[in-house]
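Peer 1: model this:
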Amino acid sequence: MKLNHWTVGLAAAGVVSLASVAYAEEQPMSQVLTAVSQTTLSGYVDTSAIWKFGTGNAYLPGRAFDGVGKLDGFNFNVAEVTLQKTPGEEQWAAGYRVDMLLGPDAVGYNVAVGNGSNVSSPSDFGVKQAYVDLRLPMGTGIDLKMGTFNTILGYEVFESYVNPNYSRSFGWQLEPTQHTGLLASYRFGEAVTLAGGVANTHMTGINQRAPVESQKTYMASLSIVAPDSWGALAGSGLYAGVMDGFSGNRKAPGSNEFKDTTSFYVGVQLKTGLEGLSVGAAYDYREDGFNALRPGDNWANAVAGYLTFKASDHLSFAGRLDYTSGSDGTWYDSVEGKNKLLSATITADYALWANVLARFEFRWDTCLTNDKPYGGRTLSDGETGSGPSNENALTVAANLVFKF
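Peer 2: You can find the predicted model right below:
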């Protein structure tokens, strides 16, 4: 091996190792260029403006990414950059994917708290996914993901522009977001896909660990998507998933014992046969998730109905009716010992500029118990203290997303 003086200097400074240089020189340049050429770069930039009617912005239970820091003003939400090489058609195919988040919403996605170890910390930068993608030549092919990957549960996803509505549903708030582990999936015929996996925890946080080494999180899902041969129903889908594992929920306040969190999800998307019109529904159930008021003994569920209509190549509309109930402390502290919320959302999408999605949304949230968990009362002269004081919350939002 012949090394130039620059390589020798870098090796002496510890910037590169001679072993890595030797390995790189042994690889044909065409091999390196082929690997790079198969990698795709994509992503988006997400911005918004959102206003809440009435007084007080401190309390908006059940709403993800719509907190006090975003109301009544303009926002940069998040930018996501994706590097990906999808596995090819060969038997022993391999690839990878890395999704990187930049912006305030990165904190809301990965909420792990750093502890001086290898656990990621919350910041305006986050790694959403990073996994190696492999295919085993068994039957139609077993696909494996190892690393950190999105949850297998849910009707909606983190990327707001992919969802029917800009704001997220109550069900999205009940679901986990990411896991570090191993996920396998297998496709039976044209329509059915079965997946199963094991991860470190039910909760978010790359490389997060349960206090007991053997306490892992297990997951499984079933997906049935109608193929083109099903005619008008082609593209319709039925999805179901279940997950059980550690989420940091203590059996009692101050206890060193923890209870597993169990999540269940089922969703359906149905093409109606009428041009541009589709409907959907989703149900989420969570038992013994984190709850500050009722640790180790709580539950919550959510159900949502969706209606979307594509009026033209540029214009579409989406409506969502969303209901959730749960034990006290799921969303707010109730005088009745139980939480119940309802929301109705209408969203209009208009694609005028190339690669740009413009959305306008109106949302109404209301409490179905004898509580007023929204907003915050205006204090009179001499008054002290503050707290939620509204039974309803009305918001309007505009959302601009550039996709590349």
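Peer 1: then the one helix or strand Tyr265 maps to to PDB, C-alphas only?
Peer 2: Using DSSP states H and E, Tyr265 falls within strand 258-271. Below are the C-alpha coordinates for strand 258-271, written out as PDB (Å, rounded to 0.1, in the frame of the first residue of the first chain):
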ATOM      1  CA  PHE A 258     -43.300  -0.500  37.500                       C
ATOM      2  CA  LYS A 259     -46.200  -1.700  35.600                       C
ATOM      3  CA  ASP A 260     -46.200  -2.500  31.900                       C
ATOM      4  CA  THR A 261     -48.200  -0.300  29.500                       C
ATOM      5  CA  THR A 262     -50.500  -2.100  27.000                       C
ATOM      6  CA  SER A 263     -51.600  -0.400  23.800                       C
ATOM      7  CA  PHE A 264     -54.100  -1.600  21.300                       C
ATOM      8  CA  TYR A 265     -55.100   0.000  17.900                       C
ATOM      9  CA  VAL A 266     -57.400  -0.800  15.100                       C
ATOM     10  CA  GLY A 267     -58.100   1.400  12.000                       C
ATOM     11  CA  VAL A 268     -59.800   1.200   8.700                       C
ATOM     12  CA  GLN A 269     -59.600   3.200   5.500                       C
ATOM     13  CA  LEU A 270     -62.300   2.700   3.000                       C
ATOM     14  CA  LYS A 271     -62.700   3.800  -0.600                       C
END
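Peer 1: against which helices or strands is that strand packed?
Peer 2: Contact analysis of strand 258-271 by 3 or more CB pairs under 8 Å, 6 or more residues apart in numbering; DSSP states H and E lists strand 237-250, strand 277-287 as its packing neighbours. Backbone N, C-alpha and C define where each C-beta goes, glycine included.
Peer 1: strand partners of it, parallel vs antiparallel please.
Peer 2: Using DSSP bridges, strand 258-271 pairs in its sheet with strand 237-250 (antiparallel), strand 277-287 (antiparallel).
Peer 1: what mean pLDDT does it have?
Peer 2: On average, the pLDDT along strand 258-271 is 94.
Peer 1: list the buried ones in it?
Peer 2: Residues 258-271 are the ones in strand 258-271 that count as buried (16 or more other CB atoms under 10 Å).
Peer 1: just give me the closest of those to Asp313.
Peer 2: Of all the buried residues of strand 258-271, Asp313 sits closest to Lys271, with 18.1 Å by CB to CB.
Peer 1: dihedrals phi and psi, the residue nearest to that closest one when sequence neighbours are not counted?
Peer 2: Closest residue in space to Lys271, ignoring its immediate chain neighbours: Ser236 at 4.9 Å, by CB to CB, 6 or more residues apart in numbering. Dihedral angles of Ser236 (phi, psi; degrees, to the nearest 10) stand at phi -70, psi 150.
Peer 1: what pLDDT does Ser236 get?
Peer 2: pLDDT, the model's per-residue confidence, is 93 for Ser236.
Peer 1: count of residues packed around it?
Peer 2: Using other CB atoms under 10 Å, Ser236 is surrounded by 18 other residues.
Peer 1: was I right to think it contacts Trp230?
Peer 2: Yes. Contact criterion CB atoms under 8 Å: Ser236 and Trp230 qualify, at 7.5 Å.
Peer 1: so where's the stretch 51-200 of the chain uncertain?
Peer 2: 108, 110-122 (pLDDT under 70).
Peer 1: ok, which stretches of it are strands?
Peer 2: Listed in chain order, the strands of the stretch 51-200 of the chain (DSSP state E, counting those that start in this stretch) span 73-85, 94-102, 125-136, 142-150, 178-188, 192-199.
Peer 1: got the CA positions of the first one in PDB?
Peer 2: Coordinates of each C-alpha in strand 73-85 appear next as PDB, following Å, rounded to 0.1, in the frame of the first residue of the first chain:
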ATOM      1  CA  GLY A  73     -48.600  33.700  16.300                       C
ATOM      2  CA  PHE A  74     -46.400  32.400  13.500                       C
ATOM      3  CA  ASN A  75     -44.300  29.200  13.900                       C
ATOM      4  CA  PHE A  76     -41.500  27.200  12.400                       C
ATOM      5  CA  ASN A  77     -42.600  23.700  13.400                       C
ATOM      6  CA  VAL A  78     -40.000  21.300  12.100                       C
ATOM      7  CA  ALA A  79     -37.700  20.300   9.200                       C
ATOM      8  CA  GLU A  80     -37.100  16.700   8.400                       C
ATOM      9  CA  VAL A  81     -34.300  15.300   6.200                       C
ATOM     10  CA  THR A  82     -34.300  11.700   5.100                       C
ATOM     11  CA  LEU A  83     -31.400   9.700   3.700                       C
ATOM     12  CA  GLN A  84     -32.500   6.300   2.400                       C
ATOM     13  CA  LYS A  85     -31.400   3.300   0.300                       C
END
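Peer 1: many thanks, have a good one.
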